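**Q** whatever this is, show me its structure:
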Amino acid sequence: MAKGRNAVWWIIGILVVLVVWGLIGAAVADDAGTSCKVGIGETFCWIWSQNALGDIEEGVDDVFENGEG
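**A** Numbering: from 1, shown residues only. All right, here's what the predicted structure looks like:
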């Protein structure tokens, strides 16, 4: 019985981590400069990346950051 309960707790723990990571990813991917690669709708996003708009934003930030220094 103890092994069965441990397995259930491990599964619950993994599911909680996946849900939290998906919600955090959805918040990050909500930015216009970021695209969700793997997710469910707009609620969960587990893998995200910077898109073309994000590259442009980063370039503009770099120009102004280096220009002031």
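**Q** ok, residues contacting stretch 31-40?
**A** Contact with stretch 31-40 is made by 22, 25-26, 28-29, 45-51, 53-58, as judged by Cβ atoms under 8 Å, 6 or more residues apart in numbering. Yep, even glycine has a C-beta here, placed from its N, CA and C like the rest.
**Q** go on, stretch 7-25?
**A** Contacts of stretch 7-25 (Cβ under 8 Å, 6+ apart): 36, 39-40, 43-48.
**Q** 7 Å instead?
**A** 36, 39, 44-46, 48 (Cβ atoms under 7 Å, 6 or more residues apart in numbering).
**Q** next step: the contacts of stretch 31-40 restricted to helices.
**A** 22, 25-26, 28-29, 53-58 (DSSP state H).
**Q** any chance of these in TSV, with neighbour count too?
**A** What follows is those, written out as TSV (neighbours: other Cβ atoms under 10 Å):
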residue	neighbour count
Gly22	18
Gly25	20
Ala26	19
Val28	12
Ala29	21
Leu53	13
Gly54	15
Asp55	11
Ile56	11
Glu57	16
Glu58	12
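**Q** off-centre distance for the lowest-mean-pLDDT helix or strand in the chain?
**A** Within the chain, no helix or strand scores below helix 52-68, which has a mean of 81 by mean pLDDT, DSSP states H and E. Centre-to-centre, helix 52-68 and its host chain are 22 Å apart (Cα atoms, centre = their mean, to the nearest Å).
**Q** render the CA-only coordinates of that helix in PDB, please.
**A** What follows is helix 52-68, C-alpha atoms only, in PDB (Å, rounded to 0.1, in the frame of the first residue of the first chain):
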ATOM      1  CA  ALA A  52      10.600  38.100 -35.100                       C
ATOM      2  CA  LEU A  53       9.000  41.000 -33.300                       C
ATOM      3  CA  GLY A  54      10.900  39.900 -30.100                       C
ATOM      4  CA  ASP A  55      14.100  40.000 -32.100                       C
ATOM      5  CA  ILE A  56      13.400  43.500 -33.300                       C
ATOM      6  CA  GLU A  57      12.500  44.600 -29.800                       C
ATOM      7  CA  GLU A  58      15.800  43.200 -28.500                       C
ATOM      8  CA  GLY A  59      17.800  44.900 -31.200                       C
ATOM      9  CA  VAL A  60      16.200  48.200 -30.500                       C
ATOM     10  CA  ASP A  61      16.900  47.800 -26.800                       C
ATOM     11  CA  ASP A  62      20.500  46.900 -27.500                       C
ATOM     12  CA  VAL A  63      21.000  50.000 -29.600                       C
ATOM     13  CA  PHE A  64      19.600  52.400 -27.000                       C
ATOM     14  CA  GLU A  65      21.400  50.600 -24.200                       C
ATOM     15  CA  ASN A  66      24.800  50.700 -25.900                       C
ATOM     16  CA  GLY A  67      24.200  54.300 -27.100                       C
ATOM     17  CA  GLU A  68      23.800  55.700 -23.600                       C
END
